[in-house]
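K.L.:
Fold the following for me, if possible:
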Amino acid sequence: MKKRSTDPITRIFAWLAIATIGLPILAIFIKVPWSTFFTSIRGDGSLTAVKLSIWTSLLAALVCLILGVPLAWWLTRSSGRVTNIVRPIVLAPIALPPTVAGLALLGLLDRHGLLGGPIYKVFNWQMPFTVSAVIFAGVFVGLPFLVLVSESTFRQLPQDVQDAAVIDRASDGQVFRMIAVPQSRSGILTGLVLAWARILGEFGATMMFAGSLPGTTQTWTLQIYQELSINPDTAYALSLAMVLIAVSVIFLLRKPLTQAFTR
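P.N.:
Next up, the predicted model:
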């Protein structure tokens, strides 16, 4: 099939858009001191922050999977009136400024917060500035991405297969577990990886809610922020590693993402 062409003005604006995104990424590649790249990443503080980010982001992504897939199915099966109210709330963290997200988490869970106050009185424990806060912040920012992709995938399932299962007296739970989830596993996996990537790169909400305590709550992105004023070479090295992860994730998911939003 013959490829469709675009007019020159459209191509100019398209390439300007590509340059707007691509040139900053290229700048990181150029600014990285390649002679000390691996040494910078293997530094004690950097390695600790990277390890913390990886295991907390994986745990937060698992929580997103456990909570997000049932939520996406519920949104798919609920009435339009309900979803019109609930969906904007669920997806709000995607649009919230990071500082607002962090303040919202503090308002809920610090020692004077809506839930944090009673928890602190009973258990003398608060979540902010702990590893638990890093994980909870990750769930808060990552969950909407998994729900968004999973719900889109669920809505594309053939209705006749679900109707046949209902005729065979399958409960809604059985339809969910035995039909919806297996047939939507590609979309769910796509949403999970996107959520994980978002969690791994979280900065603002984590800084406000968990702080930046070296060895405790200082994540990969917070380490980059600290190193920028101390050792810019290390900051660029850590940034490049994160860029490579981000590009790799999108490259691997390019086909599933296209299918999830175009079918």
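
K.L.:
Check the gap between residue 212 and residue 73 for me.
P.N.:
Distance, residue 212 to residue 73, using CB to CB, to the nearest Å: 37 Å. From N, CA and C alone the C-beta is placed, and that goes for glycine too.

K.L.:
and the two? which has more neighbours close in?
P.N.:
With neighbours defined as other CB atoms under 10 Å, residue 212 and residue 73 compare such that residue 73 has more, 22 against 18.

K.L.:
Let me know the secondary structure of residue 151.
P.N.:
helix (DSSP: H, G, I helix; E, B strand; the rest coil).

K.L.:
count of neighbours near it?
P.N.:
Neighbours around residue 151, by other CB under 10 Å: 25.

K.L.:
Provide a list of residues in contact with it.
P.N.:
Going by CB atoms under 8 Å, 6 or more residues apart in numbering, residue 151 touches 72, 73, 75, 76.

K.L.:
go again using 6 Å as the cut-off
P.N.:
72, 75, 76 (CB atoms under 6 Å, 6 or more residues apart in numbering).

K.L.:
Following the helix or strand hosting the last one in sequence, what is the next regular element?
P.N.:
What that stands for is residue 76. Element membership of residue 76 [criterion: DSSP states H and E] is helix 44-77. Elements were assigned by DSSP H and E; along the chain past helix 44-77, the next helix or strand is helix 80-95.

K.L.:
Next, the angle from that following helix to helix 44-77.
P.N.:
170 degrees (axes from the mean of the first three to the mean of the last three CA atoms, to 10 degrees).

K.L.:
low-confidence ranges in the stretch 1-150 of the chain?
P.N.:
Within the stretch 1-150 of the chain, the stretches with pLDDT under 70 are 1-4.

K.L.:
hmm, 80 instead?
P.N.:
1-6, 40, 42-44, 79-80 (pLDDT under 80).

K.L.:
For residue 175, the count of nearby residues, please.
P.N.:
For residue 175, the count of nearby residues is 20 (other CB under 10 Å).

K.L.:
Buried ones in the helix holding residue 76, by neighbour count?
P.N.:
By neighbour count with 16 or more other CB atoms under 10 Å, helix 44-77 contains the buried residues 45-46, 49-50, 52-53, 56-57, 59-61, 63-65, 68-69, 71-76.
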